[in-house]
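Trainee: need a 3D model of the following:
(2 chains, ligands or ions: 1)
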Amino acid sequence: MEIGRRSFLSFIIGGAAGTAISPLPWKLIDDSSIWSQNWPWTPVPPDGEYSQSNSVCTLCPGGCGITVRKVDDRAVKIEGMKGHPVNDGGICVMGLSGLQLLYGPTRVKTPLKRAGKRGEGKWEKISWDEAISDVTKKLAEIRSKGESHAVGSIVNSDSGTVPNLFKRFLTAYGSPNFMTMPSMQDSYNMTMLLMQGVSAQVGFDAENADFILSFGSGIIDGWGSPVRMFKANSAWKVNGKKVVQIESRLSNTAAKSDKWIPIKPGTEAALALGIANVIIMESLYNRENIESQSGFDAFKELVLNEYSTDNVSSITGINSATIVSLAKNFAQASKPLAICGKGQGSTPGSLNEFMAVHALNALVGNINKEGGVWAVSESDYIKWPELEMDSIAESGMQKERIDGAGSEYPHAKSLLNRLAEVINSGDGSLGALFVSDANPLYSMPDSKALNTAFDSIPFVVSFSSYMDETASNSDLILPNHVYLERYEDVPTPGGLQKNVIGLTKPVVTPQFNTKNVGDSIILIAKALGGSIADAFPWDSYDACLKETLGDKWDVLEENGFWSDSDSKVATGEFNFYPDAMKSLSSFSSVSIEGSTISYPLVLIPYDSIRLANGYIGDPPFVIKTVEDTVLKGKTACVEINPKTGKELGLTEGRYAFIHTPRGKAKVKVHLYEGIMPGIVALPRGLGHTAYDKYLAGKGCNFNELIGPAEDPISGLDAAWGIRARLTKI
Amino acid sequence: MSIQDDKAKEVSADGAAGPIILFFILGLAASLVFGWVIFPKLLYSQKKQPIDFNHVLHVEAVDEGCESCHFFREDGSFSGIPELAQCVDCHEEAQGEDPNEVKFVEEYVANGREVPWLVYARQPDCVFFSHVAHVKEAEMDCGTCHGHIGESEHSRVYEENRITGYSRDIWGKNISGLKKHTWERMKMDDCAECHATKEIKTDVETLPWPINWLPLPYKKQTGNQASVTTVKEACFVCHK
Ligand code: SF4
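Mentor: Model prediction:
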């Protein structure tokens, strides 16, 4: 038999067929894929001893407990801490990505001194001794000229040991200009003060409420303590509780609510009073309890005279029947709860709106009740000895604050929104400014104007861990450890109905030549000497913290949090009609900037859980999750109604310019039925110029397009939008 | 073309069909034998355990059965392969004449050296497996995954995949990847087989701190419908 070409081929074909029905190819595919994972040059993190450490996430004000999984001294995974009173095991996408902020490229690795012009990006590495002595020299010089009051600081909040060290430092040094980043908590605190006469933090017993009336609060878009709110929202869904979302845009929260009621933006206070009108007219409240409360008669008169259903309907654009049924459903629910603070609550908003919504809560009798609003006494664990001021400090502290808080606006504690204008108009100046745990040059409205104001401050010191916008425009950076490298207390997150203190822990040893900001302050104070040094008797920040927390320390160190056994409620007499409310007679919404002729549209911001808009910018993992209807390539998308699009001749995906009285930016058009005609919505959290290449240069910064609008009572920023124009490119 | 030509062609085609089929069958047979018989032999290297271990003998000698050596530590972790220290409790000196025991005592106990056991069920590093969740919480039998190992008198030969470096037990003895019993394979699909149908228990009692003041969302139901492969963050349960 001759073996020809054909026989050979058929042998091969037979072999191939046999191979295909033998396990060989399939097994080899599986094995080689495993093999390729184990190539020696495939980066594999070294193995080591596993451990876990409980701490707190500080990437937003949420205060979630986290459990960090470690291999030796390397953090490998952040998870939500099970059993934590805020988030019980839950975590958000930002919290999950925290390791990128620890190991990522955007860290400031050592103290830096500006070498080129401001903002040019040229830095000289210096030692800590040099950094501290530079600051000290400058401060001593300013003080010797008797201008101690011209030193200011901007920090994230006014509670906790680090902000209080700043405050103490400024007091001992002789400056009242301790400023904080604004948020809705400012407005809530002021509402508590004016209507209940108490200095307390607002708490919501959200989980026990059964009818949630939200005036634009992004319940699942990052409002309050975000993970807690996701969980509450899921529980409402499971248990059949109702959520009504009042908002001019179909946000995620609105889409997941039981009823979405679009409203003309800026008219929320009128709606709250319109609902109060129906409740009073129909006697849907507990007359005995409520009518005896102070200010009720005046409130009733205001509401009955000015906020009839028809009137409110024409102000808000919501039809009368809807208002009536909404009011009835709200009042007849057994545990109704009304909340406000738009989006994530990162701007304070109009005080009228907060007071009107709070009055609505009081009317249905849910103040300090299960499922209601609580006035939570702030935890008072910081009890430092009274400090002795020298004469310079005393005279400095007599001076008025540069932002007018406490003088022009007597109830306000800090009005950072006014700083840019005061400086730029020449009404005030600062000789030196400290910025810590905040990025005002990115996140304050009209960030460009603030930038200009910064230009006239001769000495700006940033304590940022990251090369953010403010740090890159400073003269000196004294980098703080990131939250996974340091001890720090995290006071009760806003909106919680009882005190929960968290403690961040050095989960890993500091990666770079950084220093806890608390230590930097103590060192500067000691170097300045005299009564300033005396005000800081601690050897280190950790010693100060340990002493301050006292017997809570052990629990905090072990569990990562400490919580009060019961809610500590501040009770004061409720006043339905404080003086401040008089401005609600003849309603006018906080007017926004721009003329209707040159700017026929209204621009409003919106928030997303995937976009961080505070001190921290999105790390690479998080920015990857942003949908392409929000950010397409390097351009941010604006949402407009198809009707608006038609009028302007703008189609889906078209590039356009958005102009406002404050600025201009290139955007892409996204036609969206979920936005009212005439309104343009732009996401917050984009348009960074600093941080890393994953974030910088993507989209535009909403804050460059909007300016602050001063609330007439609180002085806080009440701008909810700005007039705008879209033009084709 | 002429009629004759056609005929000639037919004859030649007939004559070639036989060898073609034959060679096809030869090729088929050769590759089948290679794929099913020779390939597995080439793929796995055979290794002997450092000490031949007799489970039967040990189970008879100890008081608490399997748990005498394979127990849960206080922190919930599992002593899968016992450490030398445990063995030393009984084997500080050789108790009998068995050459394996003598070797164990001389080479390992005397030098305080851990025995480099070859672990049949070793999973890749990326797999996080909690024995306590399966054995204590879900009340599963060890045998479901490990088979009747307690009844063995000798340590099996350890077969190591030359390409991946993992034990043959992961893919399973049967090179086709099929199995008759649950313990014959340990790939991810085999975990999923069970998890796709079983519910997980979540109970507020298992949380580390008393949180009875917490309202609704924290009070989880027990035995809900979710399975560990379908809940949120399911991947992270096993892949940390
Ligand atoms: S919600 Fe805030 S605190 Fe909680 S994990 Fe996310 S970023 Fe961190």
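
Trainee: quick check: which ranges of chain B have low pLDDT?
Mentor: Across chain B, the ranges flagged by pLDDT under 70 are B:1-16, B:197-233, B:240.

Trainee: domain ranges for it?
Mentor: Here the domain assignment for chain B is B:3-43, B:48-81+B:117-186, B:189-240, based on automatic domain parsing.

Trainee: chain A is nearest to which of those domains?
Mentor: Set against chain A and scored by Cβ to the nearest Cβ, those come closest in domain B:3-43, at 2.2 Å. Placement of C-beta: from N, CA and C, glycine included.

Trainee: how many other residues sit next to residue A:61?
Mentor: Counted with other Cβ atoms under 10 Å in any protein chain shown, the neighbours of residue A:61 add up to 23.

Trainee: ok, residue A:281 next?
Mentor: Around residue A:281 there are 15 other residues, counting by other Cβ under 10 Å.

Trainee: just checking, it touches residue A:304?
Mentor: Yes. Using Cβ atoms under 8 Å, residue A:281 is in contact with residue A:304, at 7.2 Å.

Trainee: can you pull out the helices in chain B?
Mentor: For chain B, helices defined by DSSP state H occupy the ranges B:3-33, B:39-43, B:55-61, B:84-91, B:99-103, B:131-132, B:142-146, B:168-171, B:188-195, B:234-238.

Trainee: quick check: which of the ones you listed is buried the most?
Mentor: Of all the helices of chain B, helix B:168-171 has the most neighbours on average by mean count of other Cβ atoms under 10 Å in any protein chain shown, namely a mean of 22.

Trainee: which residues sit against that one?
Mentor: A:27, A:30, B:44, B:120-121, B:123, B:159-161, B:177, B:185-187 (Cβ atoms under 8 Å, 6 or more residues apart in numbering or on different chains).

Trainee: can you do 7 Å?
Mentor: B:44, B:120, B:121, B:159, B:161, B:177, B:185, B:186, B:187 (Cβ atoms under 7 Å, 6 or more residues apart in numbering or on different chains).

Trainee: of those residues - the most surrounded one?
Mentor: residue B:186 (24 neighbours).

Trainee: next up, the contacts around it.
Mentor: Residue B:186 neighbours (Cβ under 7 Å, 6+ apart): B:121, B:145, B:169, B:170.

Trainee: please redo it, this time with the cut-off set to 10 Å
Mentor: B:120-123, B:127, B:129, B:145-146, B:166-167, B:169-172, B:179 (Cβ atoms under 10 Å, 6 or more residues apart in numbering or on different chains).

Trainee: which among the helices of chain B is found nearest to the ligand?
Mentor: Closest to the ligand of the helices of chain B, according to Cβ to the nearest ligand atom: helix B:234-238, at 14.8 Å.

Trainee: is the closest one anywhere near chain A?
Mentor: Yes. Helix B:234-238 reaches chain A (Cβ under 10 Å from any Cβ of the partner chain) through residue B:236.

Trainee: number of nearby residues for the closest residue in space to residue A:703 that isn't next to it in sequence?
Mentor: Nearest residue to residue A:703, sequence neighbours excluded (Cβ to Cβ, 6 or more residues apart in numbering or on different chains): residue A:447, at 4.4 Å. Applying other Cβ under 10 Å, we find 26 residues neighbouring residue A:447.

Trainee: is it true that residue B:105 touches residue B:88?
Mentor: Yes. The pair residue B:105 and residue B:88 qualifies as a contact (Cβ atoms under 10 Å) at a distance of 9.4 Å.

Trainee: low-confidence ranges, chain A, go.
Mentor: For chain A (pLDDT under 70), the answer is A:1-2.

Trainee: redo that, cut-off 80
Mentor: For chain A, applying pLDDT under 80 flags the ranges A:1-3, A:44-45, A:379, A:565-568, A:570-571, A:586-589.

Trainee: enumerate the residues of the stretch 51-200 of chain A near the ligand.
Mentor: Residues of the stretch 51-200 of chain A lying near the ligand by Cβ under 6 Å from any ligand atom: A:57, A:59, A:60, A:62, A:63, A:64, A:87, A:91, A:92, A:94, A:95.

Trainee: export the domains of chain B to JSON lines and tack on distance to the ligand?
Mentor: Listed next are those as JSON lines, based on distance: least, Cβ to the nearest ligand atom, whole Å:
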{"stretch": "domain B:3-43", "distance to the ligand": "46"}
{"stretch": "domain B:48-81+B:117-186", "distance to the ligand": "21"}
{"stretch": "domain B:189-240", "distance to the ligand": "13"}
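
Trainee: which of these sits closest to residue A:107?
Mentor: Checking those against residue A:107 by Cβ to Cβ gives domain B:189-240 as the closest, at 24.7 Å.
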